[in-house]
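> Starting from these lines, generate the structure:
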Amino acid sequence: MRRHSRLVAALATATATLAAIGFGAPGASAGAWHGGGVLPRQVFAPYFETYDTSGGSPAALSQASGARYLSLAFLQTAQAGSCTVYWNGDTSEPISYSSFGSDISAIQAAGGNVIPSFGGYAADTTGTELADSCTNVSAIAQVYEQVITTYHVPRIDLDIEGTSLTDTAGINRRNEAVAQVESWAAARGISIQFSYTLPTLTTGLDSEDDAVIENAIADHARISTVNLLTFDYYIGTEQNMVTDTETAAAGTYTELQSLYPSEPPAEVWHMIGVTEMPGIDDFGPDETFTMPDAIAVLNWARSKGIGTLSFWALQRDNGGCPGTKGAGTCSGIAQPTWYFSHVFEHFTS
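Model prediction:
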């Protein structure tokens with residue numbers, strides 16, 4: 001009972017703070033959400049772990065949390081060398097309406113949408129990320145096109161980590177396929193974006209990350225968003241996760257300015273996305289993203305005009321395992337259920 005009272009008080013305090021800085025109650029501006037094939041200019045899209053639906057389906061948790069836009073993780077091949085993609089590499093979950101199609105349709109009908117994500121650390125370190133696995137650029141492009149036409153999504157996310165960051169052939173194939181799909185979409189009047197999700201230092205992108213974007217430019221692939229994974233730094237000392245987010249994004253802004261010199265500052269900031277990990281991340285308590293941190297990052301993100309705000313992952317947005325690091329189904333801190341979703345949902349324009 002005592003903990004419950006503290007959590008209720010914390011949520012009440014957060015709601016009052018949000019109201020004081022100009023935000024309404026969660027879900028109060030439903031008419032402002034955009035469905036269909038176009039994302040809002042600023043969008044909150046937390047990741048949903050499609051490999052664990054024990055706590056509810058994407059549509060159910062989207063409705064429960066108020067997060068109307070979801071990033072669905074992950075799509076990958078079942079084995080290295082394949083050009084056939086499944087959800088989480090599971091051959092029982094192909095790219096078809098039978099796999100998450102009804103959930104995606106329900107989310108879209110409610111005024112939201114989803115961003116399918118290819119890759120992720122497990123795929124990126126086992127050769128099962130699509131462009132690492134498949135050596136045929138046209139076949140890679142056809143998979144992206146299949147996702148677009150099957151699920152009618154506005155953006156595809158490419159989560160590139162681990163050894164995928166050093167597979168130069170895979171990097172080039174991926175970007176050539178993106179450019180090919182963008183030409184295919186333009187010829188058909190289809191609106192589609194591609195984002196890169198990349199690990200970051202507290203100072204911004206490293207040389208391997210830069211090389212991915214540089215190759216995209218060389219291959220004429222238009223990247224809408226460079227999404228930073230602002231957690232799991234493994235520095236070894238206690239981190240201020242808000243400061244780390246701000247310095248990582250500032251360093252990325254400087255780098256993107258140099259790569260896209262013709263873009264105005266506001267558009268360069270808009271290319272940046274940030275993905276937090278609520279609570280205790282995989283490193284441990286020294287890297288803890290707190291409830292006050294969420295409000296600070298929300299205010300910062302709005303002030304800078306970044307394009308995407310996210311966290312890993314929706315199933316973690318509850319206080320079911322205080323003191324546990326890196327859990328898949330809870331944040332590791334005492335918090336009200338959906339606290340981070342209710343704060344970050346105010347970011348969507």
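
> And the host helix or strand of Ala177, what's buried?
Under the criterion of DSSP states H and E, Ala177 resides in helix 168-187. Using 16 or more other C-beta atoms under 10 Å as the test for burial, helix 168-187 gives 170-182, 184-185. For glycine as for every other residue, the C-beta is placed from the backbone atoms N, C-alpha and C.

> quick one: average pLDDT of that helix?
Here helix 168-187 scores 98 as its mean pLDDT.

> after it, next one along is what?
Toward the C-terminus from helix 168-187 - assigned by DSSP H and E - lies strand 193-199.

> For that following strand, which strands pair with it and how are they oriented?
Within its sheet, strand 193-199 is paired with strand 155-159 (parallel), strand 225-229 (parallel), according to DSSP bridges.

> mind putting the ones you listed in a markdown table, distance to Ala45 included?
Putting the strands paired with strand 193-199 into a markdown table (distance: least, C-beta to C-beta, whole Å) gives the following:
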| stretch | distance to Ala45 |
| --- | --- |
| strand 155-159 | 9 |
| strand 225-229 | 9 |
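
> contacting residues for the closest residue to Ile306 other than its chain neighbours?
Of all residues beyond its chain neighbours, the one nearest Ile306 is Ile272 (4.6 Å), with distances taken as C-beta to C-beta, 6 or more residues apart in numbering. Residues near Ile272 by C-beta atoms under 8 Å, 6 or more residues apart in numbering: 225-228, 249, 252-253, 256, 304, 306-308.

> For Ile272, give its distance to Leu205.
To Leu205, Ile272 is 10 Å away according to C-beta to C-beta, to the nearest Å.

> Identify the contacts common to the two.
Joint contacts of Ile272 and Leu205 (C-beta under 8 Å, 6+ apart) are 226, 228, 252.

> so who does the residue nearest to the second one when sequence neighbours are not counted touch?
Leaving aside its sequence neighbours, Leu228 sits nearest to Thr200 (C-beta to C-beta, 6+ apart; 4.3 Å). Contacts here follow C-beta under 8 Å, 6+ apart; on that basis Thr200 touches 206, 209, 228-230, 248, 252.

> Give me the neighbour count for Gly81.
Residues lying near Gly81 (other C-beta atoms under 10 Å) number 11.

> wait, Glu208
Counted with other C-beta under 10 Å, residues neighbouring Glu208 total 15.

> for the chain, which spans come out with low pLDDT?
Within the chain, the segments meeting pLDDT under 70 span 1-37.

> Please, where are all the helices along it?
2-20, 58-65, 101-109, 121-124, 130-133, 137-151, 168-187, 207-218, 241-259, 265-270, 291-304, 339-344 (DSSP state H).

> who does the last one touch, helix- and strand-wise?
Secondary structure elements in contact with helix 339-344, counted by 3 or more C-beta pairs under 8 Å, 6 or more residues apart in numbering; DSSP states H and E, are helix 2-20, helix 291-304, strand 308-311.

> Give me the distance between the residue nearest to Ile306 and Gln142.
Per C-beta to C-beta, Ile272 is found 30 Å from Gln142.

> related to what we said a few turns ago, output the helices of the chain in JSON lines; the columns should cover distance to Ile95.
Output for these, formatted as JSON lines (distance: least, C-beta to C-beta, whole Å):
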{"stretch": "helix 2-20", "distance to Ile95": "39"}
{"stretch": "helix 58-65", "distance to Ile95": "15"}
{"stretch": "helix 101-109", "distance to Ile95": "10"}
{"stretch": "helix 121-124", "distance to Ile95": "15"}
{"stretch": "helix 130-133", "distance to Ile95": "11"}
{"stretch": "helix 137-151", "distance to Ile95": "5"}
{"stretch": "helix 168-187", "distance to Ile95": "14"}
{"stretch": "helix 207-218", "distance to Ile95": "23"}
{"stretch": "helix 241-259", "distance to Ile95": "31"}
{"stretch": "helix 265-270", "distance to Ile95": "30"}
{"stretch": "helix 291-304", "distance to Ile95": "32"}
{"stretch": "helix 339-344", "distance to Ile95": "27"}
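
> Among these, which comes closest to Ile235?
Nearest to Ile235, of all the helices of the chain, is helix 241-259, at 9.0 Å by C-beta to C-beta.

> could you give the angle of the closest one to helix 291-304?
30 degrees (axes from the mean of the first three to the mean of the last three C-alpha atoms, to 10 degrees).

> Name the nearest residue to Ser57, ignoring sequence neighbours.
Here the residue nearest Ser57, using C-beta to C-beta, 6+ apart, is Asp103, at 5.1 Å.

> show me what contacts Asp282?
Asp282 sits in contact with 231-232, 325-326, where contact means C-beta under 8 Å, 6+ apart.

> before we move on, what about Pro94?
Here Pro94 is in contact with 84, 86-87 (criterion: C-beta under 8 Å, 6+ apart).

> Now rank those residues by neighbours and give me the top one.
That'd be Trp87 among these, by other C-beta under 10 Å, with 21 neighbours.

> And the residue nearest to Leu228, how far from Gly170?
To Gly170, Thr200 is 20 Å away according to C-beta to C-beta.

> cool, Phe48 as well?
For Phe48 relative to Gly170 (C-beta to C-beta), the value is 25 Å.

> which one of the shared contacts of Ile272 and Leu205 sits closest to Glu161?
Relative to Glu161, the closest of the shared contacts of Ile272 and Leu205 is Leu228; by C-beta to C-beta it sits at 11.9 Å.
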